[in-house]
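1. coords please:
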Amino acid sequence: MDEPDRWRNMANAPKDGSRILVTIRSSEQGPAEVDLAYWTNGDQFGGEGWRASDSSPGHIIEYAEPELKCWMPMPSANLASSSMPSPWEGDDDQELYGSGI
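-> Reported below is the predicted structural model:
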C-alpha cells in the first residue's frame, strides 16, 4: 500500500481478517470516531461482517456497512506520533472516492 496515511473507500477495505483503522460515521450517539476493526466471515459468536478489534466472545461489537465511512491501513510504529489519526470529516463524494487527476 503506497499511501498508508490516507483514508480510503470502504468498498476497497480488505476482508481477509487483517486489522484496519475505520472512521465510524457521526450519529445521534456521538461524533465521528476512529476504531480498529477487522472483517470476519462469521463464527459461533456472530455473523459475517465488520467487528471492532476489542470484541470478545460474549461481547461482540459489530458494525453495519453504513456505519463505516472509510478505512486506512494500520500505520507503522512511529514513536514520534502516538495518537490515532483524525476521523474523515469530508463529504462522501469528495476525495475519498478519488477525483481522478
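2. Could I get the pLDDT score of residue 29?
-> pLDDT for residue 29: 87.
3. what about it, how many neighbours?
-> By other Cβ atoms under 10 Å, the residues close to residue 29 number 7. No exception for glycine: its C-beta is placed from N, CA and C like everyone else's.
4. next one: phi and psi at the residue nearest in space to the middle of the chain?
-> Of all residues in the chain, the one closest to the mean position by Cα atoms, centre = their mean is residue 22, 1.6 Å from it. Main-chain dihedrals, residue 22, degrees, to the nearest 10: phi -130, psi 150.
5. Next: residue 39.
-> Per degrees, to the nearest 10, the backbone of residue 39 is at phi -90, psi 140.
6. Quickly list what it is bridged to.
-> Note on residue 39: beta-bridge partners residue 50, judged by DSSP bridges.
7. contacting residues for the residue nearest to the centre of the chain?
-> Applying Cβ atoms under 8 Å, 6 or more residues apart in numbering, we find residue 22 in contact with 10, 13, 34-37, 50, 63, 68-71.
8. any idea how far it is from residue 30?
-> With distances taken as Cβ to Cβ, to the nearest Å, residue 22 is found 15 Å from residue 30.
9. ok, now residue 20?
-> Distance, residue 20 to residue 30, using Cβ to Cβ: 21 Å.
10. Please identify which of the two sits among more neighbours.
-> Set residue 20 next to residue 30 and count neighbours by other Cβ under 10 Å: residue 20 wins out with 20 against 8.
11. May I have the secondary structure class of residue 5?
-> coil (DSSP: H, G, I helix; E, B strand; the rest coil).
12. Surely it touches residue 75?
-> Yes - using Cβ atoms under 8 Å, residue 5 makes contact with residue 75 at a distance of 6.3 Å.
13. got any residues that touch both of these two?
-> residue 85.
14. quick one on the thing from earlier: would you show me how to pick out the buried ones of the contacts of residue 22 in PyMOL?
-> For the buried members of the contacts of residue 22, the matching PyMOL selection, counting by 16 or more other Cβ atoms under 10 Å, is:
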select buried, resi 10+13+34+35+37+50+63+68+69+70+71
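15. No further questions, thank you.
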